[in-house]
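1. only geometry, no sequence info:
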């Protein structure tokens, strides 16, 4: 194959690589037991390297000025350079695993070779073997890479092996036919992009805005001006000089059904719930470090998908933009924080900001290195973290004959950001990962613990509301405190929630009243 120039966006992510922030997406499959190393190697060879030419290509810089780097076949490609076997140091516990993963996440890839590596990690006492992957962001975005990883999986433990003869014709469409077909017949992979774990913003709406970008020049200029004039994020424990060492942690799985229930009871969505809990966790961590978050917002850089799932199957590369989401870490009350998050999320869903950022990234991809670095640092100064959500399958899958019990990944950060938060759903559960610069936040596991604490507080609040809430017509108090819901609880006291704007009731009782009126009319 002849040389293939990187797209402007892919080149931008390639050039963002710095010793203090490696542009790698890190993640793992955890299995239900020990894996067969030879079968893992053959699976990668047949289902990754032979199917996706990008995984045999390395990046080469053009000798001509202002020309993009290009992909070329590595003439000395050897899969042994990309798959390694590691024995987890004693005692093989969670701490040892976190330390190993942190070390791998801090180690750059070899740019003389294709930009990916897999590591089989053996000896973990907390479960089965792990397959840890390191994939450079210039290859593709998180959605496309998730599809690539899933294409190597089977829907059943007894899937045919050895691998059937490889199909000819190439292209992601043909590659995914066996996987998609299995999904339709078994239901195991169906709904890879689960309704409960979509990206934070609607990709189809955003994609439509991107494709109609020719008619929005005035809006573009206005939005670009607003982004440019945004002040830098406040100086907190999450901001500062970066080092080369990263540390990673991840949560225990949380049932998606519980997250949905909390979101619905509080008048929002699953994503609103997760964003509110993460905001609360970052607030708690600051307090624990002796800083006051009261009254503060910090901005998260949130990736937004710009293609449909069908488009994601057709080609690799990066097809996403970014929006800036203000996290209300200054709000102590969990319900108030949730409602603010929901309001801001709703505003972003109708924003053209992703299109603006996408165009800026395109321009940065062809700009001289000094200008690109200035642009990355300029916009990174306006944020404190990257926060991303990648949906996984609804049912458990198999890789190299072993069941995948858990999926996890960590998002890279650009510029001078030292905090990344990632969310992934899999088989009815959601896991939150945190990766940080060791010099700024040496204990990301504390943020993870605070996430669980904040979510449990939200659950308790919902349970209290549900326990005290009438299921039928709601009694109303004659005299109420200004701004409070006028509903009377089962205990005979006035509801403590704030009334919605333009309503006498909070989000919970307003829905009950509406349901009661509908029943009366019906």
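-> In hand now; what should we look at? Computed from a predicted structure; not experimentally measured.
2. Show the contacting residues for residue 422.
-> For residue 422, the contacting residues are 387, 388, 389, 390, 409, 410, 411, 432, 433, 434, 435, by CB atoms under 8 Å, 6 or more residues apart in numbering. Just so you know, the C-beta spots here come from the backbone N, C-alpha and C atoms, and that holds for glycine as well.
3. now do 6 Å
-> 388, 409, 410, 411, 433 (CB atoms under 6 Å, 6 or more residues apart in numbering).
4. got the contact list for stretch 233-253?
-> Counting by CB under 6 Å, 6+ apart, 19-20, 98, 101-102, 105-106, 286, 289, 291, 296, 298-299, 383-384, 408, 410, 418-419, 429, 431-440, 444-445, 448, 451 sit against stretch 233-253.
5. Write the ChimeraX selection for whichever of those residues are buried.
-> The following ChimeraX line selects those of those that are buried, judged by 16 or more other CB atoms under 10 Å:
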select :20,98,101,102,105,106,286,291,296,298,299,383,384,408,410,418,419,429,431,432,433,434,435,436,437,438,440,444,445,448,451
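6. what number of residues lie near residue 243?
-> Using other CB atoms under 10 Å, the number of residues around residue 243 comes to 14.
7. Look at residue 337 and give its secondary structure.
-> Secondary structure, DSSP: H, G, I helix; E, B strand; the rest coil: residue 337 is helix.
8. Next one, pLDDT for the closest residue to it other than its chain neighbours please.
-> Counting by CB to CB, 6 or more residues apart in numbering, residue 337 lies nearest to residue 331, which is 4.2 Å off, once chain neighbours are set aside. Looking at residue 331, its pLDDT is 96.
9. Verify the contact between residue 109 and residue 115 for me.
-> Yes: with contact defined as CB atoms under 6 Å, residue 109 reaches residue 115; the gap is 5.1 Å.
10. Tell me which of those two has more neighbours.
-> More crowded of residue 109 and residue 115, by other CB under 10 Å: residue 115, with 24 against 18.
11. residue contacts, that one?
-> By CB under 6 Å, 6+ apart, the residues touching residue 115 are 109, 136.
12. what about 7 Å?
-> 59, 109, 136, 138, 139 (CB atoms under 7 Å, 6 or more residues apart in numbering).
13. What of residue 335?
-> By CB under 7 Å, 6+ apart, the residues touching residue 335 are 266, 461, 497.
14. would you list these in JSON lines and tack on secondary structure and distance to residue 274?
-> Converted to JSON lines, these look like this (DSSP: H, G, I helix; E, B strand; the rest coil; distance: CB to CB, whole Å):
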{"residue": "266", "secondary structure": "coil", "distance to residue 274": "12"}
{"residue": "461", "secondary structure": "helix", "distance to residue 274": "16"}
{"residue": "497", "secondary structure": "coil", "distance to residue 274": "21"}
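15. okay if I get those as JSON lines plus distance to residue 24 and neighbour count?
-> Listed next are the contacts of residue 335 as JSON lines, based on distance: CB to CB, whole Å; neighbours: other CB atoms under 10 Å:
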{"residue": "266", "distance to residue 24": "36", "neighbour count": "24"}
{"residue": "461", "distance to residue 24": "38", "neighbour count": "18"}
{"residue": "497", "distance to residue 24": "44", "neighbour count": "22"}
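16. In CSV, list those along with pLDDT and distance to residue 146.
-> Listed next are these as CSV, based on pLDDT from 0 to 100; distance: CB to CB, whole Å:
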residue, pLDDT, distance to residue 146
266, 89, 29
461, 90, 33
497, 76, 38
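17. any idea which helix or strand carries residue 146?
-> Using DSSP states H and E, residue 146 sits within helix 142-151.
18. Let's test this: mean pLDDT of that helix, rounded?
-> For helix 142-151, the per-residue pLDDT averages 89.
19. Strands of the stretch 101-250 of the chain, residue ranges please.
-> Ranges of strands in the stretch 101-250 of the chain, per DSSP state E, counting those that start in this stretch, are 116-122, 130-136, 246-250.
20. Quickly run through the sheet partners of the next helix or strand after the shortest one, with directions.
-> Going down the chain from strand 246-250, the next helix or strand is strand 254-255, by DSSP H and E. Here the strand partners of strand 254-255, with direction, are listed using DSSP bridges: strand 429-437 (antiparallel).
21. Contacts for the strand it pairs with next, please.
-> Outside strand 429-437, the residues touching it (CB under 7 Å, 6+ apart) are 105, 197, 242-243, 246-251, 253-256, 259, 278, 408-410, 418-424, 444, 447-448, 451.
22. what angle sits between it and strand 246-250?
-> 160 degrees (axes from the mean of the first three to the mean of the last three CA atoms, to 10 degrees).
23. next one: strand 429-437 to chain centre, how far?
-> Centroid separation for strand 429-437 versus its chain: 9 Å, with CA atoms, centre = their mean, to the nearest Å.
24. picking that back up, list residues touching both of residue 109 and residue 115?
-> residue 136.
25. quick one: contacts for the residue lying closest to residue 390 once chain neighbours are set aside?
-> Closest residue in space to residue 390, ignoring its immediate chain neighbours: residue 142 at 4.7 Å, by CB to CB, 6+ apart. Taking CB under 7 Å, 6+ apart, we find residue 142 in contact with 25, 388, 390.
26. and the second one, helix, strand or coil?
-> So that's residue 388. Assigned by three-state DSSP, the conformation of residue 388 is strand.
27. So, low pLDDT: which residues of this protein?
-> Residues of the chain meeting the criterion pLDDT under 70: 1, 65-66, 163-229, 308-314, 350-377, 466-482, 490-492, 501, 511, 513-522.
28. looking at it, residue 14 is touching residue 69, isn't it?
-> Yes: taking contacts as CB atoms under 7 Å, residue 14 lies within contact range of residue 69: 6.4 Å.
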